[in-house]
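Undergrad: The following block contains a protein sequence and its predicted model.
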Amino acid sequence: MKILGIIRETDIFPGQPPTPEEQLGKLRQTVRIVLFDKYGKIAMGCYPPSPHNEMKGSHGLPGGGVEEGESIIKALFRESSEETGCLVKNVRELGIIKEFGVGKKIKHNQDTHCFMAEVDGEKGIPKFTERETEDGLEIRWVTIEDALKFINDKNLCVEKIRELICLKEVEN
C-alpha cells in the first residue's frame, strides 16, 4: 500500500523530544474511509460543541481500530456499518498513513489504512457506542470542500492532519 504521509509527535509538538521507543505501546492498526453517497457527498462524524466532551466540535472520517484477529478489509466493512449504518461497494485503497508517538493516554505507533468507497444501497442507521451517543456524535453528509473546511482550522492535531492527508489524496 502506498504511503500517503508520516506524522510524528514532534510535528505536533515541535521542540518536545520524541517519546523513547521503549515507552511506546504496540503498533496499532486502524482504518479510515471516505464514503461517498449517490449525490457525491461524503460521510463525516460530527460532535457538537460542548464543554463536557473532549471531542467537542470535531469532525472526522468514519473508521477506527482493527480488532484482534480481524483483517484490514473486514475492519473497514465493520466500521462503515457501525459508524454510518451503510454497506459499501467499489472499495479502493488510497494508501497508509504512518504515525509515530501518537495517542492521548498511551503513546503508540499507528498505521492508518485509508480507503474510498460508495454507499451500497440505501443509507442505514449508525450503531454508535454508548459513549458516542452520549457525546452527541452524528453523521453528516457533506462535500469534500466542506469537509476540508471543517478539519483545516488553526488547531491542528494528529487526527486532523490524518484526515486532511486522506481527503487530499481523494481530491488528487
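TA: Happy to help now that I have it. Residues are numbered from 1 along each chain as shown.

Undergrad: now what about stretch 156-172, what contacts it?
TA: Stretch 156-172 is contacted from outside by 4-5, 7, 9, 11-12, 32, 34, 58-61, 94-95, 97, 99, 102, 112, 114, 116, 144, 147-148, 151-153, using Cβ atoms under 8 Å, 6 or more residues apart in numbering. Glycine gets a C-beta too; all of them are placed from N, C-alpha and C.

Undergrad: Residues in contact with the helix or strand bottoming out on mean pLDDT in the chain: which ones?
TA: The weakest-scoring helix or strand in the chain, judged by mean pLDDT, DSSP states H and E, is helix 9-12 (a mean of 80). With contacts defined as Cβ under 8 Å, 6+ apart, helix 9-12 is touched by 16-19, 100-102, 107, 156-158, 161.

Undergrad: Show me how far it is from its chain's centre.
TA: Chain-centre distance of helix 9-12: 18 Å, with Cα atoms, centre = their mean, to the nearest Å.

Undergrad: Pretty sure residue 4 sits against residue 111.
TA: No: Residue 4 is beyond contact range of residue 111, at 11.0 Å (criterion: Cβ atoms under 8 Å).

Undergrad: Name the residues contacting each of these two.
TA: Residues touching both residue 4 and residue 111 (Cβ under 8 Å, 6+ apart) are 96-97.

Undergrad: what about the strands in the chain?
TA: Counting by DSSP state E, residue ranges of the strands within the chain are 3-8, 25-36, 42-46, 59-60, 63-65, 87-102, 108-120, 138-142.

Undergrad: Great, nothing more from me.
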